[in-house]
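In: sequence plus predicted model, see below.
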Amino acid sequence: QVQLVESGGGLVQPGGSLRLSCAASGFTFSSYTMRWHRQAPGKERELVAAISSGGVSTTYADSMKGRFTISRDNAKNTVYLQMNSLKPEDTAVYFCSAARAMYDYWGQGTQVTVSS
């Protein structure tokens, strides 16, 4: 059974940091491109960052460049999102996804709230 389980969300003050994790199981993690997405209340889901199967290539949405870092540990079947210099507008539910060919798996999301 395919599972993606996000963790690490919570309440943080503006300027703070959080590290999200997404633990995968039920598929060959190291063969999949992994992505983080987010959805804020009343807004469409947007791509945050992506990392290639081997971890060599990464991409980021413009508003996250320089603040967020995506990484993965294929030995642990886990992808991470390090988020620094958080802003109130980063408040959203953050989801991870795994993609390869016609396969596309999603987690349930973890809430991140940036507020003083």
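Out: Structure's in. What do you need? All values derive from a computational prediction rather than experimental measurement.

In: this structure: strands as residue ranges?
Out: 3-7, 10-12, 18-25, 33-39, 46-51, 58-60, 68-73, 78-83, 92-100, 103-106, 110-114 (DSSP state E).

In: just checking: what are the partner strands of the helix or strand of the chain with the lowest mean pLDDT?
Out: The weakest-scoring helix or strand in the chain, judged by mean pLDDT, DSSP states H and E, is strand 103-106 (a mean of 95). When pairs are called by DSSP bridges, strand 103-106 turns out to pair with strand 92-100 (antiparallel).

In: and D90, how far from Q82?
Out: 13 Å (C-beta to C-beta, to the nearest Å). C-beta coordinates here come from the backbone N, C-alpha and C atoms, glycine included.

In: please identify which of those two sits among more neighbours.
Out: Counted by other C-beta atoms under 10 Å, D90 and Q82 do not tie: D90 has more neighbours, with 22 against 15.

In: in this structure, which residue is most central in space?
Out: Centre of the chain computed as the mean C-alpha position; nearest residue by C-alpha atoms, centre = their mean is W36, 3.0 Å away.

In: next, the contact list for L20, please.
Out: By C-beta atoms under 8 Å, 6 or more residues apart in numbering, the contact set of L20 is 6-9, 36, 80-81, 83, 94, 96, 110, 112.

In: I figured V114 hits T91, correct?
Out: Yes - counting by C-beta atoms under 8 Å, V114 sits close enough to T91 to count as a contact (5.1 Å).

In: overlap in contacts of those two?
Out: By C-beta under 8 Å, 6+ apart, no residue touches both V114 and T91.

In: what about the residue lying closest to K76 once chain neighbours are set aside, how many residues nearby?
Out: Among residues not flanking K76 along the chain, A23 sits closest, at 7.8 Å (C-beta to C-beta, 6 or more residues apart in numbering). Neighbour count for A23, taken as other C-beta under 10 Å: 16.
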